[in-house]
Each structure stands twice: as C-alpha cells, then as structure tokens.
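Undergrad: quick check, what structure comes out for this input:
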Amino acid sequence: MVKKLSHPQVSNKSYAIAVCLSAIFGVVGIQHFYLERWVEAILDFSLCIATLYLLFTGQWLWALLVGAVDALHTLIVTILLLTGSFNDGHGKRVCYPGQKLAVGA
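TA: You can find the predicted model right below:
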C-alpha cells in the first residue's frame, strides 16, 4: 500500500489518475474536473464543444484553430503534471511518487 505524504502543500489527489485523465481525455478537460480546477475545467470543456460545433457546421479552419489551442493546452498541462509542477484547485501540488517539496513550496 502506498502511503500518502503528509506535507500540507501536497494534494490528496492521485498523481497517476490525474496524469492518465490528462493524457487520455485531456482535450475534454476531465483532469481539471478531477483536480477541482473548476474555471479551467469549464473553459477546456467549452473549447472541446466549440471545436465539435465548428466541425459539424462546416467551419473547418476555425475548428482546426480552436482544436489546436485545446490540444496545446492539454499538452502543456500533461507535461506539468508529469514533472510534478501542477497544482490542484486548492493550490496544493500534485506530486509524483517520491517527489520532494522544498520547504517554501
């Protein structure tokens, strides 16, 4: 059984779940809902819906642009999660297993 760190700045959210959600369902924003980052979750979900709407209405160029912004955002968030540099909605760090936090972090 893995023991969670008791540091007050460490999130109680699972690193593995957050990374998997971001890597698989990132463009929908599921990882932000899981990490309780509500504003970012709604914005990410809205970008996904906007991309689908633009695709179905035949506005391919706009759909490509909005989809690319959403995909780039997902890539950045996934990299930040993988490196242990991303915070949850309460400002606590989502740490990878064995990550050490600095005293002031």
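Undergrad: Val94 reaches Ala16, doesn't it?
TA: No - with contact defined as CB atoms under 8 Å, Val94 does not reach Ala16; the gap is 10.2 Å. Using the backbone N, CA and C atoms, a C-beta is placed for each residue, glycine as well.
Undergrad: okay, these two: which has more neighbours?
TA: Val94 (24 against 10; other CB atoms under 10 Å).
Undergrad: nearest residue to Arg37 other than its sequence neighbours?
TA: Gly89 (4.5 Å; CB to CB, 6 or more residues apart in numbering).
Undergrad: I'd assumed that neighbour was in a helix, is it?
TA: No - under DSSP: H, G, I helix; E, B strand; the rest coil, Gly89 falls outside any helix and is assigned coil.
Undergrad: so what's it up against?
TA: The contact partners of Gly89, by CB atoms under 8 Å, 6 or more residues apart in numbering, come to Leu35, Glu36, Arg37, Trp38.
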